[in-house]
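1. got a predicted model here, sequence first, then my questions.
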Amino acid sequence: MILNVNEICFAYPGNSVLEDVCFRSSRGEFVAILGPNGTGKTTLLKCINKILKPASGTVYMNEDDLHQLKGKELAKKIGYVEQNREKTRSTVFNAVLLGRKPHIKWDVTEKDIAIVEQIMHSMNLSDFAMRYVDELSGGEAQKVIIARSLAQEPEILLMDEPTNHLDLKNQVEVMNTIKDITREKNLTTIVTMHDINLALRYADRFILMKDKNIYAAGDESVINPETIETVYSLPVKIISHEGSQIVIPA
């Protein structure tokens, strides 16, 4: 499966945000979208997911034009974890079950319940099933939101800054979860991030955005001092530690 984003353009009233954005991603890839605030990272995810309607451009998954799909059909293809979602007064089980909505015709089936239970077990959420989401920690609540997206059984997982406002331990747990799920479910996972070093630890490919478009894209070789200084207007050094690359301000 190949996701093909082609010549996406989008503008808010009086403010052009994306101009001719193009990239491709394959099944099983974890892609990190990086760049300063205001470069259109979140807007790009919303254009892919049809939350925002691009002025022009297409989004294909193999031969399927995703923007031509109805809401439920699109929700079977794409799971979306938005930034700063409020915690709800719902049990963890019901919150995850909500992800089955695109598949439910008349009522919840045994299959729906089995899928939810399996996902919760794989994400170590079973013990929280009857807890309320608004009583959980930030990391636990984030896992619930990810689990709900996975209950949709999507082929593409879009995540907008999934580690925002999480402490270091919860950042690592959430990112480990995303990485493992991408491999186990063979998903195409696209995540917007601010932390370059966290992205280097987990992502397979990188997209760096600047001036309404993609400035550089590829494997970790695109994370180099010249590119980062151009994109972020900040000189940096990259050092190697125990086989990992680490970006530090120069």
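-> Great, that's in hand.
2. contacts for the strand or helix carrying residue 16?
-> For residue 16, the enclosing helix or strand under DSSP states H and E is strand 15-26. Around strand 15-26, the neighbours that count as contacts under C-beta atoms under 8 Å, 6 or more residues apart in numbering are 1-11, 31, 40, 43-44, 47, 54, 57, 188, 190, 205, 207, 212-214, 217. Backbone N, C-alpha and C define where each C-beta goes, glycine included.
3. just the buried members of those residues?
-> 3, 5, 8-10, 31, 40, 43-44, 47, 54, 57, 188, 190, 205, 207, 212, 214, 217 (16 or more other C-beta atoms under 10 Å).
4. how much space between residue 142 and residue 95?
-> Separation of residue 142 from residue 95 (C-beta to C-beta, to the nearest Å) stands at 12 Å.
5. of these two, who's got more company?
-> Shown here are residue 142 and residue 95; by other C-beta atoms under 10 Å, residue 142 has more neighbours (25 against 22).
6. sec struct for the more buried one, please.
-> Secondary structure, DSSP: H, G, I helix; E, B strand; the rest coil: residue 142 is helix.
7. quick check: it vs residue 78, distance?
-> 19 Å.
8. any stretches of this protein with poor pLDDT?
-> Low-confidence segments of the chain (pLDDT under 70): 1, 84-87.
9. would you list every one of the strands in it?
-> In the chain, the strands defined using DSSP state E lie at 2-12, 15-26, 30-34, 56-61, 64-65, 78-81, 156-160, 188-192, 205-210, 213-218, 236-241, 244-249.
10. switch the ones you listed over to JSON lines; also include distance to residue 102.
-> Converted to JSON lines, the strands of the chain look like this (distance: least, C-beta to C-beta, whole Å):
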{"stretch": "strand 2-12", "distance to residue 102": "19"}
{"stretch": "strand 15-26", "distance to residue 102": "22"}
{"stretch": "strand 30-34", "distance to residue 102": "24"}
{"stretch": "strand 56-61", "distance to residue 102": "16"}
{"stretch": "strand 64-65", "distance to residue 102": "15"}
{"stretch": "strand 78-81", "distance to residue 102": "10"}
{"stretch": "strand 156-160", "distance to residue 102": "14"}
{"stretch": "strand 188-192", "distance to residue 102": "18"}
{"stretch": "strand 205-210", "distance to residue 102": "27"}
{"stretch": "strand 213-218", "distance to residue 102": "30"}
{"stretch": "strand 236-241", "distance to residue 102": "43"}
{"stretch": "strand 244-249", "distance to residue 102": "39"}
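11. ok now do the closest residue to residue 142 other than its chain neighbours, which residues does it touch?
-> Spatial nearest neighbour of residue 142, excluding adjacent residues (C-beta to C-beta, 6 or more residues apart in numbering): residue 174 at 5.3 Å. With contact set as C-beta under 8 Å, 6+ apart, residue 174 has these partners: 139, 142, 143, 146, 162, 163, 166.
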